[in-house]
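# Fold the following for me, if possible:
(one chain, ligands or ions: 2)
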Amino acid sequence: MENSELVPVINIGLNTGRYNFDYAMEELKALSQANNMTVIETIVQNLSQPIAGTYFGTGKVEELRDVVVDTGAEIVVANDELTPSQIRNLENVVKVPVMDRTGLILAIFANRAQSREAKLQVELAKLQYQMPRLHTAMNQRLDQQTGTSAGGGFTNRGAGEAQVELNRRTIQRQINHVRHELKEVNKSAEVKRQQRERVQLPNVALIGYTNAGKSTIMNELIKRFGMNDDKQVMVKNMLFATLDTSVRQLQFEDTKKLLLSDTVGFVSQLPTTLVEAFKSTLYEAANADLLVQVVDYSSPNRIDMMSTTKQTLNEIGVPDLPMVTVYNKADLTDSDYPSRAGDEIVVSAKDPASIDLLVDVIREKVFKNYVKATFLIPFDRGDLVSYLNEHASVTGTDYLADGTQLDAEVTDIDFQRLQKFVVEK
Ligand SMILES: Nc1nc2c(ncn2[C@@H]2O[C@H](COP(=O)(O)OP(=O)(O)OP(=O)(O)O)[C@@H](O)[C@H]2O)c(=O)[nH]1
Ligand SMILES: [Mg+2]
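Ligands and ions are numbered 1, 2, ... in the order given. Model (predicted):
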């Protein structure tokens, strides 16, 4: 991308001493870059809490205004979610639009959303965020930039109270409209989920901080074990490359199968308006038999990224599920790989031996409740023979006088169900 296309911005942040501030500011810079901005200056203030009206103290706001004028910055991006009046008051002084962290994340999501469901969810989150912020200059900018309004855009340039009220009603209508459409979309998504659930395969979900390498690992696994379709998912060196969950069926050499899903990456201080969107996108993760947490092992912020992941899982209500941790991108570190310590492995996604190790760990976790047995299925139960051939790992078939004899490895649930056909365990 041409440098000239990037919007010059200033990042601002308040160090309250309550969390890892440097990590948050680095993340803000990466988020800004992900939104086609270039950060030309960063201004921080140490304060125990934000100033109610202006976020920064008066002196800092004036310093910010001077830096905006000197550098020609076009937008100011704040590390926290600001109140509508903080945005307005700051804009009145600095004379350029002020965007907060939530607005920034929403803008990135709006640009990345691909599927109809993701687009609608982001649109809903954006409208909810805009509602109390109609007075701000940033609002117009956000709307122009994303331009995804379902019912046509709205403008409040030079908005008077009456205009703002009108816009508010327009937004409310749009919110209702988007909610309705989402319901329709979810209906069909629901059907697909139910179909998958009927198949009763183990469900494994790749989760973790954005840009950790989840989609890369997914693609390597699809290349080796993909069934039906071997469609690759998108991999990009940018934040939030993946916004929609993709599910693929994998079949290992011994015919054991599972469903693998690639999910949206996490980032700290996820806007509450987006939590709902995440909830539905992460249905697969919430219902997984195993979570595979992917971590960028080469990042100095990996510990913070892991706690961000944990926090996000809590926020969106993913229960405590069995989890393995994959420290990825080991090729960018001095560590030996692949290596394993309990439920943690150190790997590089592009290294075949690493993928072997990952598969071993996943298999061990997911198929631990498998039972080896020999079944004798009467000829009038051809349906069960087909079921086993499709859902179990069948290692031998014999046609005997009184039925079909199968040597197979099945889940303990299937074993219970088919108990009366077992001739040997
Ligand atoms: N050197 C190295 N790069 C990797 C490795 N795994 C992934 N990458 C790169 O890291 C970047 C991000 O990879 P993705 O697979 O898109 O990451 P993701 O976790 O799916 O990211 P989001 O979808 O944004 O959450 C890409 O440029 C990959 O090529 C690895 O093991 N080593
Ligand atoms: Mg991805």
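# Tell me the residues of the stretch 101-250 of the chain that contact ligand 1?
By the rule CB under 6 Å from any ligand atom, the part of the stretch 101-250 of the chain lying against ligand 1 is 210-216, 235-237, 239-242. (Glycine included, C-beta is placed from N, CA and C.)
# Just the buried residues of these.
If you count burial by 16 or more other CB atoms under 10 Å, the buried members of those come out as 210, 211, 212, 213, 214, 215, 216, 235, 239, 240, 241, 242.
# can you pull the contacts of the last one?
Applying CB atoms under 8 Å, 6 or more residues apart in numbering, we find residue 242 in contact with 214, 215, 233, 234, 262, 263, 264, 265.
# go on, the first one?
Neighbour list for residue 210: 239, 240, 241, 264, 265, 266, 267 [criterion: CB under 8 Å, 6+ apart].
# let's see it at 6 Å
239, 240, 265, 267 (CB atoms under 6 Å, 6 or more residues apart in numbering).
# before we move on, back to that, can you tell me which of the residues of the stretch 101-250 of the chain next to ligand 1 is nearest residue 309?
Lowest distance from residue 309 to these (CB to CB) belongs to residue 212, with 8.8 Å.
# Restricted to strands, list the residues of the stretch 101-250 of the chain next to ligand 1.
Taking DSSP state E, every one of those sits outside strands.
# Can you add distance to residue 182 and pLDDT and give the contacts of residue 210 back as JSON lines?
Formatted as JSON lines, the contacts of residue 210 follow (distance: CB to CB, whole Å; pLDDT from 0 to 100):
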{"residue": "239", "distance to residue 182": "24", "pLDDT": "75"}
{"residue": "240", "distance to residue 182": "20", "pLDDT": "75"}
{"residue": "265", "distance to residue 182": "22", "pLDDT": "87"}
{"residue": "267", "distance to residue 182": "23", "pLDDT": "86"}
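# Get me the contact residues on this structure for ligand 2.
In this structure, the chain approaches ligand 2 at residues 214, 215, 241, 242, judged by CB under 5 Å from the ion.
# Among those, give me the pair with the biggest separation.
Using CB to CB, the pair of the residues of the chain next to ligand 2 lying farthest apart is 214 and 241, separated by 9.2 Å.
# Show me what residue of the stretch 251-400 of the chain gets nearest to ligand 1.
The minimum distance from the stretch 251-400 of the chain to ligand 1, using CB to the nearest ligand atom, falls at residue 265 (2.3 Å).
# a strand runs through residue 396, doesn't it?
Yes - assignment of residue 396 by DSSP: H, G, I helix; E, B strand; the rest coil places it within a strand.
# Run through the neighbouring helices and strands of the helix or strand containing residue 382.
If you go by DSSP states H and E, residue 382 is part of helix 382-391. In terms of contacts (3 or more CB pairs under 6 Å, 6 or more residues apart in numbering; DSSP states H and E), helix 382-391 is packed against strand 403-411.
# And the strand it packs on, what's buried?
Going by neighbour count (16+ other CB under 10 Å), the buried part of strand 403-411 is 403, 404, 405, 406, 407, 408, 409, 410, 411.
# Need the per-residue pLDDT for the closest residue to the first one other than its chain neighbours.
Okay, so that is residue 403. Closest residue in space to residue 403, ignoring its immediate chain neighbours: residue 378 at 4.5 Å, by CB to CB, 6 or more residues apart in numbering. On pLDDT, residue 378 comes in at 94.
# What of residue 160?
Per-residue confidence (pLDDT) for residue 160: 65.
# Number the residues from 47 up from this point.
Renumbered: residue one is now 47, and that last one reads residue 206.
# Specify the angle between the helix holding residue 428 and strand 449-457 in degrees.
40 degrees (axes from the mean of the first three to the mean of the last three CA atoms, to 10 degrees).
# And the contacts of helix 428-437?
423, 440, 450, 452, 454.
# Can you give me the distance of the first one to residue 451?
Going from residue 423 to residue 451 by CB to CB, to the nearest Å gives 8 Å.
# do the same with the second one
In this structure, residue 440 and residue 451 are 11 Å apart, going by CB to CB.
# Would you tell me which helix is longest in the protein?
Across the chain, the longest stretch assigned as helix under DSSP state H is helix 207-245.
# Give me the helices and strands touching that one, please.
Helix 207-245 packs on helix 162-176, going by 3+ CB pairs under 6 Å, 6+ apart.
# roughly how far out does the helix it packs on sit from the chain middle?
Centre-to-centre, helix 162-176 and its host chain are 15 Å apart (CA atoms, centre = their mean, to the nearest Å).
# Return the set of buried residues in that helix.
Buried, per 16+ other CB under 10 Å, within helix 162-176: 163-176.
# quick one: average pLDDT of that helix?
In the prediction, helix 162-176 has an average pLDDT of 87.
# by contact count, what packs against it?
helix 147-158, helix 207-245, helix 318-327.
# closest to residue 407 out of those?
Closest approach to residue 407 among the helices and strands packed on helix 162-176 (CB to CB): helix 207-245, 23.1 Å.
# Can you give the strand pairings for the helix or strand just after the closest one, parallel or anti for each?
The helix or strand immediately downstream of helix 207-245 is strand 249-253, counting by DSSP H and E. With DSSP bridges as the test, strand 249-253 is paired with strand 303-308 (parallel), strand 336-342 (parallel).
# Could you check the angle strand 249-253 makes with helix 207-245?
140 degrees.
# ok now strand 249-253, how far from the chain's centre?
11 Å.
# circling back to that earlier point, mind checking which of the residues of the stretch 147-296 of the chain next to ligand 1 are in helices?
Mapping these onto helices (DSSP H) picks out 260, 261, 262.
# and which of those residues is nearest ligand 2?
Nearest to ligand 2 among these, counting by CB to the ion, is residue 261 at 3.2 Å.
# my read: that closest one touches residue 281, true?
Yes - using CB atoms under 6 Å, residue 261 is in contact with residue 281, at 4.7 Å.
# pLDDT value on the residue of the stretch 347-471 of the chain found nearest ligand 2, please?
Nearest residue of the stretch 347-471 of the chain to ligand 2, counting by CB to the ion: residue 395, 11.5 Å away. What the model reports as pLDDT for residue 395 is 97.
# quick check, it in a strand?
No - using three-state DSSP, the assignment for residue 395 is coil, not a strand.
# Nearest to residue 340 among the residues of the chain next to ligand 2?
residue 260 (4.7 Å).
# any weak-confidence spans in the stretch 297-446 of the chain?
Where the stretch 297-446 of the chain drops to pLDDT under 70, the residues are 326-327.
# So which bits of it are right by ligand 1?
So far as CB under 6 Å from any ligand atom goes, the stretch 297-446 of the chain lies against ligand 1 at 311, 340, 374, 375, 377, 378, 394, 395, 396.
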